[in-house]
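Enquirer: Attaching a predicted model along with its sequence, questions to come.
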Amino acid sequence: MMTNQYFKLGLVALTACTLASCVDDRYDLDDVDMTVSTSGDLTLPQSSTGDILLKSFLEETEDGVVKVVNGEFYLVDDGNAHVPDIDISSVTITKPELTEFEAPVAKDQGTSVSGRTYRYTIPNDNDAYCMIFNDPLGGVPKDIVSLQELNFVDNTKIDMKLALAFGGQYAFIDRVHLDDISLAIPKGMFVKEAVLRYRTPDGKTATAPVRSIDNANAIVRFANNAQAAVLGARNDVHIILTLEKAVMGRGVDLTFHYARHEVAVNGRFVLGGTFRIESGEFNTDKLTQSQKNTLNANGGNYDAICPSRMQLKGSAEFNNSIGATSFVGTVKTNVDKIAPIDMSDLPDFLNEPEVNLILKTPVFYVAVKNEMPVEARTNVILTSLYDDGTKPVQRRSDEIVLPANSECVLCVAEHFDGLLMPEDELYQGKPVQNVRIDDLGSLLAKLPKTVDVQVSDLIMDAKAGAPISLPQEGNTDIYHITFDYMVYTPLELGEGTRLVYRGVEEGLSGDLEDVNKMSTKAIEIAAVVETNFPMSLALSVDAQDINGKSLVGDDNIVTVDDVIINAHKGTEEFSSQDIRLTIKPTEGHTMRELLESMDKFVYRAVAEGDGKLMENAYVKLTNIRITLKGGVSYDAN
């Protein structure tokens with residue numbers, strides 16, 4: 001366009017001067033040859049242009065993507081992602097039930113007759129002597145996708161009843177000693193208090209001392225009872241446990257059914273120890289005649305009538321419902337689809353097919369607020385989408401860790417030196433976490449129509465030692481996680497960048513109505529270029545007729561040189577260089593043919609190289625000289 005302006009200006013000025021000096025209207029010149037010519041080169045006076053600023057091409061608009069920040073051009077766009085509320089409701093086992101057991105306990109072998117003592121010892125770790133609770137538990141919050149442990153409230157009591165019996169024919173045995181009674185409890189249940197209570201022959205209630213509460217090995221042991229316990233109706237032995245806490249999922253089996261939001265717990269209380277009877281304490285008044293006869297026949301040896309086994313029955317119940325206080329497991333929630341970044345309102349010249357845009361520091365920021373009491377893990381996936389059939393380009397970030405109960409800013413980039421934080425208050429004054437995406441610049445090497453932003457499902461792991469709290473029964477805790485993002489990328493271009501700008505100057509046939517009567521052998525335009533633009537510029541010009549056919553080239557009317565303007569490098573404010581552009585007819589053609597046929601100039605500027613695009617970048621032409629080479633002729637007929 002600049003070449004066109006100065007070319008027309010020179011020719012029009014020359015024509016006006018020539019006509020003014022050579023034509024006298026006192027004469028009838030109809031039959032006079034009005035052709036005027038000069039010999040030798042003719043140079044028009046010098047002139048200059050104003051600064052041609054980069055901002056006239058990268059125009060900043062209120063709603064546009066291109067913005068000026070501290071004198072630099074930036075790509076800026078923002079948006080947010082919606083994360084559904086995370087609902088963590090209470091988890092309660094409603095008064096869990098335990099299975100009952102009833103099993104015989106065989107008399108120990110080798111009982112001493114002289115001591116007249118008989119022992120019945122429960123086999124070690126025998127499932128026949130255990131009470132099991134196995135409750136399905138519904139209502140697990142939907143956002144919990146895996147469950148390893150449930151921690152329950154303290155001061156929950158479990159009352160176990162042991163009924164000891166030798167059968168009706170052994171009514172003479174109405175007292176039993178409890179020796180080394182123990183209760184193995186599910187690991188993960190921590191006993192705060194334990195009581196073994198029984199009825200004595202004098203009608204009072206007695207307790208056996210606790211020998212040890214060994215939570216590490218999940219067993220409670222009682223000392224031998226000082227007095228015998230009375231057997232018979234309503235004289236059960238009670239073992240009462242007060243739990244300090246319970247962690248179901250360690251020793252208590254815990255099976256989680258995610259699809260049903262249900263968990264099943266399974267735990268065993270296994271009884272151990274010895275029941276001892278002394279023949280000296282037998283109530284002989286209750287011996288049957290048959291038993292007396294048997295004793296007499298065996299010299300009073302009670303072995304003849306002592307039962308070979310005793311019957312043991314156990315049952316247990318929790319005194320109330322138990323509510324979970326916290327859990328160890330995984331919470332997962334999705335992030336709703338984010339509105340894509342719209343690149344369609346970038347300047348048109350950035351969408352040229354030949355453009356290769358290599359951004360040195362593509363970057364965007366994400367302001368995150370995580371109300372969850374545990375850190376959340378996710379990553380970001382960016383996908384460039386095109387509407388011309390180009391295959392999408394996708395890049396995935398490294399894992400992102402969002403700290404618990406905090407706000408932070410994620411800086412998503414490939415390199416992190418010298419980046420500028422957005423001035424928006426969402427991003428200021430918060431801890432910054434760098435998140436790397438390799439080869440991020442390739443997303444914009446060819447400008448897409450949109451960039452799709454996807455945040456993967458948020459995964460939150462509550463680990464042993466740092467569980468997530470659960471609300472009290474009937475309540476729900478609601479947590480929020482928010483994402484706001486901003487693309488904030490400086491237009492700092494990397495090596496290999498190629499920008500193409502095209503323009504058209506049309507309607508020249510009317511402007512050149514008189515000029516096309518002029519002819520010369522060649523037109524030479526020389527100038528000094530002053531610039532601080534960081535990229536080299538190559539300018540090519542094509543003259544076309546009214547139908548858009550090119551008039552330039554070896555097979556056409558004229559040839560036009562390309563102009564190269566070197567990039568400004570170094571510490572100086574600007575650099576300057578001489579340029580020269582020559583327009584000349586091809587062999588067998590004249591410049592007049594060009595002027596008669598030409599209707600438009602199509603020019604193409606290609607910028608290549610690297611550097612920051614600054615608002616004050618400019619190109620200025622000074623000392624512009626237009627020389628008509630080899631003489632000039634003008635046909636004024």
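Expert: Perfect, thanks for sending it.
Enquirer: okay but Asn225 is in contact with Arg211, surely?
Expert: No: using CB atoms under 8 Å, Asn225 makes no contact with Arg211, being 11.7 Å away. Every residue, glycine included, has its C-beta placed from N, CA and C.
Enquirer: Show me which of those two is the more surrounded one.
Expert: Asn225 (21 against 15; other CB atoms under 10 Å).
Enquirer: Could you pull up phi and psi at that one?
Expert: phi -70, psi 140 (degrees, to the nearest 10).
Enquirer: repeat for Lys292
Expert: Per degrees, to the nearest 10, the backbone of Lys292 is at phi -60, psi -40.
Enquirer: The one 4 residues further on too?
Expert: For Asn296, the backbone dihedrals are phi -60, psi -40 (criterion: degrees, to the nearest 10).
Enquirer: Helix, strand, or coil at Leu594?
Expert: helix (DSSP: H, G, I helix; E, B strand; the rest coil).
Enquirer: Next: Leu443.
Expert: Going by three-state DSSP: Leu443 is helix.
Enquirer: you'd agree it is up against Arg395?
Expert: Yes: contact criterion CB under 8 Å: Leu443 and Arg395 qualify, at 5.9 Å.
Enquirer: Quick one: mean pLDDT over stretch 181-199.
Expert: Regarding stretch 181-199, the rounded mean pLDDT is 91.
Enquirer: so how far is the first residue of that stretch from its last?
Expert: Chord length of stretch 181-199, first to last residue, is 16 Å (CA to CA, to the nearest Å).
Enquirer: And it, what's buried?
Expert: 181-191, 194, 196, 198-199 (16 or more other CB atoms under 10 Å).
Enquirer: cool, stretch 399-417 as well?
Expert: 400, 402, 407-414.
Enquirer: that older thread, from the buried residues of stretch 181-199, which is closest to Arg221?
Expert: Ser182 (4.7 Å; CB to CB).
Enquirer: from what I can see the closest one touches Phe269, true?
Expert: No: using CB under 8 Å, Ser182 is not in contact with Phe269, being 10.8 Å away.
Enquirer: Tell me who's in contact with Thr590.
Expert: Ser519 (CB atoms under 8 Å, 6 or more residues apart in numbering).
Enquirer: how about 10 Å then?
Expert: 519-521, 557-558, 596, 633 (CB atoms under 10 Å, 6 or more residues apart in numbering).
Enquirer: swap in Gly465?
Expert: Here Gly465 is in contact with Val328 (CB under 10 Å, 6+ apart).
Enquirer: For this protein, just list every one of the helices.
Expert: Listed in chain order, the helices of the chain (DSSP state H) span 2-22, 289-297, 508-511, 591-597.
Enquirer: Now tell me which of these the model trusts least on average.
Expert: Among these, helix 2-22 scores lowest, with a mean of 35.
Enquirer: still on that earlier bit, intersection of neighbour lists for Asn225 and Arg211?
Expert: Ile181.
Enquirer: Closest one of the buried residues of stretch 399-417 to Thr242?
Expert: Leu402 (40.3 Å).
Enquirer: partner residues bridging the closest one?
Expert: Ala376 (DSSP bridges).
Enquirer: could you measure it against Arg309, distance?
Expert: 64 Å (CB to CB, to the nearest Å).
Enquirer: And for Leu499?
Expert: Separation of Leu499 from Arg309 (CB to CB): 98 Å.
Enquirer: More neighbours: those two, which one.
Expert: With neighbours defined as other CB under 10 Å, Leu499 and Arg309 compare such that Leu499 has more, 22 against 13.
Enquirer: Give me the local confidence score for that one.
Expert: pLDDT, Leu499: 83.
Enquirer: same check, this time on Arg211
Expert: pLDDT for Arg211: 93.
Enquirer: what about the nearest residue to Asn155 once chain neighbours are set aside, how many residues close to it?
Expert: Once flanking residues are discounted, Asn155 sits nearest to Thr242: 6.3 Å by CB to CB, 6 or more residues apart in numbering. The burial count assigned to Thr242 is 15, neighbours taken as other CB under 10 Å.
Enquirer: For Thr242, give the beta-bridge partners.
Expert: Per DSSP bridges, the residues bridged to Thr242 are Lys157, Glu193.
Enquirer: Isn't it up against Val153?
Expert: No: the pair Thr242 / Val153 is not scored as a contact, 11.8 Å apart, by CB atoms under 10 Å.
Enquirer: Mind listing the residues bridging to the closest residue to Val363 other than its chain neighbours?
Expert: Distances taken as CB to CB, 6+ apart place Ala413 nearest to Val363, at 4.0 Å, with adjacent residues excluded. Beta-bridge partners of Ala413, counted by DSSP bridges, are Val363, Arg436.
Enquirer: what sits against Ala413?
Expert: Ala413 makes contact with 361-365, 397, 419, 434-437, 440-441, 488-489 under the criterion CB under 10 Å, 6+ apart.
Enquirer: Of the contacts of Thr590, just the buried ones, ChimeraX syntax please.
Expert: Those of the contacts of Thr590 that count as buried under 16+ other CB under 10 Å are selected in ChimeraX with:
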select :519,520,557,558,596,633
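Enquirer: Inside strands: which ones of the contacts of Thr590?
Expert: Judged by DSSP state E, these include 519-521, 558, 633 as members of strands.
Enquirer: and of those residues, the nearest to Val331?
Expert: Val558 (73.9 Å).
Enquirer: list the contacts for the nearest residue to Glu495 once chain neighbours are set aside?
Expert: The shortest distance from Glu495 to any non-neighbouring residue, by CB to CB, 6+ apart, is to Asp610 (4.7 Å). Residues near Asp610 by CB under 10 Å, 6+ apart: 358, 360, 492-497, 534-535, 567.
Enquirer: One more pass at 8 Å, please.
Expert: By CB under 8 Å, 6+ apart, Asp610 lies in contact with 358, 360, 492-497, 534-535.
Enquirer: Val432 too?
Expert: Val432 sits in contact with 408-411, 421, where contact means CB under 8 Å, 6+ apart.
Enquirer: 7 Å instead, please
Expert: Contact analysis of Val432 by CB atoms under 7 Å, 6 or more residues apart in numbering lists 409, 411.
Enquirer: cool, and Asp342?
Expert: Residues near Asp342 by CB under 7 Å, 6+ apart: Thr450.
Enquirer: thinking again about what came up before, which pair in the ones in strands among the contacts of Thr590 has the greatest spatial separation?
Expert: Val558 and Ser633 (17.0 Å).
Enquirer: ok, residues contacting stretch 374-384?
Expert: Contacts for stretch 374-384 (CB under 7 Å, 6+ apart): 370, 392-404, 412, 443, 448, 451-462, 466, 468, 481.
Enquirer: ok, now stretch 474-483?
Expert: Under CB under 7 Å, 6+ apart, the answer for stretch 474-483 is 80-81, 83, 85-90, 335, 366, 368-372, 376, 455, 458, 471.
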